[in-house]
Structures are given as C-alpha cells and as structure tokens.
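A.B. asks: I would like the atomic coordinates for the input below:
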Amino acid sequence: QVQLVESGGGLVQTGGSLRLSCVASGRTNSNYVMGWFRQAPGKERDFVAAITSSGRSTQYANSVKDRFTVSRDNAKNTVYLEMNSLTSEDTAVYYCVGKRSWSVINYLPSQYDDWGQGTQVTVSS
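C.D. replies: Sure, this is the predicted structure:
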C-alpha cells in the first residue's frame, strides 16, 4: 500500500502560478509512474500530466501543455506540478496518482493504483 499526500493548492488570480507537491510513503519502489488528475465541479476526473519512474519522459493533456510542468525527486519520493498562466478553466481538485510501472503512462483514472486525497486549486479573475 502506498500513501500519497498532496500539498500546495490554494487560491490564485488569473495568470498566476502554483506549485503542487505530492509525497509518496509506504510500500514504494523504483517502478512507480506518478502523475496528476483533476476534477472540476460537475465534470469527470481528467488526466493532467504524468512522469515515468526515471523522470526522463512526461506526458501532458493538451489543455495544459506548455503551461504545466511535472517533475519528480526520487530521493524524496515526491512528484511536483508547476502550474503557470492559470485560468479559471484550471479550477479543480487536483489528485496525485501512482501506478506500479517503470515507464507506461496511462490516461484513464482506472489505470492508476494509488490516489491522494486531493487538493483544491481555485483561480479567480
């Protein structure tokens, strides 16, 4: 069992930036793809970004490409999501996710083994 704990959410103005962090603990190992999903009110949970175990490869949703950056520090069992040029469309609960794989990145919620409790990001105009 792996526990994921997010932090860094909050209220930010349009055009601003936030950095989310997620620490993994428990039965962690090196074969662990990590990433982020988000869910806005009344909408489905959507893929945002993910990063392979080595950190060499990343994938992004088209809606966040060139604005968000996912990274990881394996020594700290932590994955980050740097979010820039935020708009109201980015308002959502952001969830950290993990799956037992070296390099396979999936885009559906059901394909991830572990979930954090979520952190709220609100972008105001």
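A.B. asks: and the residue nearest the centre of the chain, what is it in contact with?
C.D. replies: Note on the chain: the residue nearest the mean C-alpha position is residue 36, at 2.2 Å, using Cα atoms, centre = their mean. Going by Cβ atoms under 8 Å, 6 or more residues apart in numbering, residue 36 touches 20, 22, 48-50, 70, 79, 81, 94-97. Quick note: C-beta positions are derived from backbone N, CA and C, even for glycine.
A.B. asks: How much space separates it from residue 125?
C.D. replies: Plainly put, residue 36 is 23 Å away from residue 125 if you go by Cβ to Cβ, to the nearest Å.
A.B. asks: and what of residue 51?
C.D. replies: Applying Cβ to Cβ, the value for residue 51 to residue 125 is 31 Å.
A.B. asks: same question, residue 40
C.D. replies: Residue 40 is 16 Å from residue 125, where distance means Cβ to Cβ.
A.B. asks: for residue 48, same thing?
C.D. replies: From residue 48 to residue 125 the distance is 21 Å (Cβ to Cβ).
A.B. asks: who's more crowded, those two?
C.D. replies: residue 48 (24 against 7; other Cβ atoms under 10 Å).
A.B. asks: Surely the more buried one and residue 83 touch.
C.D. replies: No. Assessed by Cβ atoms under 8 Å, residue 48 is found out of contact with residue 83, at 9.1 Å.
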